[in-house]
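1. One predicted model, sequence on top.
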Amino acid sequence: MPVNTQKIMLAFTIGFVAIMLTLKTVHANPANCAKRGELLTKLNERFGESRQTTGLTPNGQVIETYAHPRTGTWTIILTLPNGISCMLASGKAYEHINAPAGQGV
């Protein structure tokens, strides 16, 4: 994946989560959290999803988008510095877009 596309996807993902956190609508439900390795295994085995984007928040949390390009399922997870990951959102109709840098949505 070209670096520019990665930057656009990362910016979209971080922007989405930042908005959600600002609105205080994202609350980590303990039922959606697990050790990072366990959660990634579940995403891979159950949905065949692989990491598409990753980014680091100012407070040391890692935000990632996982998706399956053929089935279109996607999941956004947030990993805390203690190694616990929580699913923030998931859905269908994932689409990889090769937009040139500087082009809006």
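-> Thanks, I have the structure now.

2. Low-confidence bits of the protein, can you list those?
-> Within the chain, the stretches with pLDDT under 70 are 1-30, 103-105.

3. Could you rerun that using 90?
-> 1-32, 59, 69, 95-105 (pLDDT under 90).

4. how about the strands in it?
-> Taking DSSP state E as the test, the strands found in the chain are 33-35, 50-56, 62-67, 74-79, 84-91.

5. what residues are up against the residue lying closest to Thr54 once chain neighbours are set aside?
-> Residue nearest to Thr54 in three dimensions, not counting chain neighbours: Glu64, with 4.7 Å by Cβ to Cβ, 6 or more residues apart in numbering. In short, each C-beta sits where N, CA and C put it, glycine included. Applying Cβ atoms under 8 Å, 6 or more residues apart in numbering to Glu64 gives the contacts Thr13, Arg51, Gln52, Thr53, Thr54, Gly55, Ile76, Ile77, Thr79.

6. which of those are buried?
-> With burial judged by 16 or more other Cβ atoms under 10 Å, the buried subset of the contacts of Glu64 is Thr13, Gln52, Thr53, Gly55, Ile76, Ile77, Thr79.

7. Just give the number of residues close to Asn32.
-> Counted with other Cβ atoms under 10 Å, residues neighbouring Asn32 total 16.

8. coming back round to it: okay, among the buried ones among the contacts of Glu64, which ones form the most distant pair?
-> Gln52 and Thr79 (15.1 Å; Cβ to Cβ).

9. Identify the bridge partners of the residue lying closest to Leu56 once chain neighbours are set aside.
-> Excluding the flanking residues, the one nearest Leu56 by Cβ to Cβ, 6+ apart is Val62, at 5.9 Å. Under the criterion DSSP bridges, Val62 forms beta bridges with Leu56, Thr79.

10. Appreciated, that's everything.
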